[in-house]
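> The amino acid sequence is not available; the structure is as follows:
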């Protein structure tokens, strides 16, 4: 099953409009994410991420609610796996 997961932007690493990327925290797990589809998003904003691309913004309360539901369903195991070296 494919999921879009909420995360909080902790750092912008490339600000070019086409290749805009940043580091996004998913409950403490940080991944590099393409942010070009959410040009208005900045550090400390919450975004919905699907296959490495932030596809929309959402508020903190909604992000926490979704993250809690996913945790209860056991759907966060995949993002908690260590990244390949």
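That came in fine, so what should we check first? Remember, it's a predicted structure, so these values are computed and weren't measured experimentally. Numbering: from 1, shown residues only.
> thinking residue 14 is in contact with residue 32, fair?
No. Assessed by C-beta atoms under 8 Å, residue 14 is found out of contact with residue 32, at 9.5 Å. From N, CA and C alone the C-beta is placed, and that goes for glycine too.
> Now for the two: what residues contact both?
By the contact definition C-beta atoms under 8 Å, 6 or more residues apart in numbering, residue 14 and residue 32 are jointly contacted by 21, 22.
> quick check, residue 44 in a strand?
No. With DSSP: H, G, I helix; E, B strand; the rest coil as the criterion, residue 44 is assigned coil and is not in a strand.
> In this structure it contacts residue 8, no?
Yes. If you go by C-beta under 8 Å, residue 44 and residue 8 touch, sitting 6.5 Å apart.
> neighbour count winner among those two?
Neighbours per residue (other C-beta atoms under 10 Å) separate residue 44 from residue 8, with residue 8 holding more: 19 against 9.
> From the contact counts, what lies against the top strand by length along the chain?
Ranked by residue count under DSSP state E, the longest strand found in the chain is strand 5-14. Contact partners of strand 5-14 among helices and strands, from 3 or more C-beta pairs under 8 Å, 6 or more residues apart in numbering; DSSP states H and E: strand 21-26, strand 29-34, strand 46-50, strand 53-58, helix 60-73.
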